[in-house]
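Chemist: predicted structure and sequence below. I'll ask about it afterward.
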Amino acid sequence: MSRCDRMVDVGRRRFMSGAGLAAAGVAVSSITPSSAQAAPAAARVDYPVNRLANVKDLKPNEPLNVSYPDANAPGVLLKLGKQVPGGVGAEGDIVGFTTICPHKGFTLNYGAGDRTMNCPGHYSRFDCEAGGQQIWGQATQNLPQYVLRVDDKGDIYAEGVDELLYGRLSNVL
Ligand code: FES
């Protein structure tokens, strides 16, 4: 065997032993998680079911102040007059949103002209006819929208929120 052939042979053996170690590593890593069987943390939050108002309390395009999921979480109900994402009621036009800006927590104001929530802090704007989609500004998420339900008496219930409320690690404290 020539010197060159011996070097190739040594290199091949080193490569094979490295591949063996890598394979062993894959085997160990694939065994470890399943043997641990750690229970995944629950991702869902159990929201309270709160009556916020009755459909008769709402006037078209006028915000009605509410709180959800607790008294320290202000928000509004809106009757927008046309079917919108997340809308409930006979016309699918009743929606609810937090009024705390998801950027840095300023209180939002409703703009009836273009049906947006507007922030006086850094001018973020959110489209109430598009599920609270951010349309301008510094915020990095859409406006948290309530999950609503209307019963046969016209009572409006909130049963959840679709985004994390500003300043909270969990929407339900
Ligand atoms: Fe609303 Fe900054 S607090 S955009």
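Modeler: Great, that's in hand. Numbers count the residues shown, from 1 in each chain.
Chemist: Ser124 and the ligand, how far apart?
Modeler: Counting by CB to the nearest ligand atom, to the nearest Å, the gap from Ser124 to the ligand is 4 Å. From N, CA and C alone the C-beta is placed, and that goes for glycine too.
Chemist: which residues does that residue contact?
Modeler: Cys101, Pro102, His103, Asn118, Gln134, Trp136, Gly137, Gln138, Ala139 (CB atoms under 8 Å, 6 or more residues apart in numbering).
Chemist: could you pull up phi and psi at the fourth one?
Modeler: When you say that, I think you mean Asn118. For Asn118, the backbone dihedrals (degrees, to the nearest 10) come out as phi -130, psi 140.
Chemist: double-check it against Gln134; I have them as touching.
Modeler: No. Assessed by CB atoms under 8 Å, Asn118 is found out of contact with Gln134, at 11.4 Å.
Chemist: where does the closest residue to Leu108 other than its chain neighbours sit, in terms of helix or strand?
Modeler: Excluding the flanking residues, the one nearest Leu108 by CB to CB, 6 or more residues apart in numbering is Met117, at 4.2 Å. Using DSSP states H and E, Met117 falls within strand 116-118.
Chemist: what residues does that strand touch?
Modeler: 97, 99, 108-111, 124-128, 132, 135, 143.
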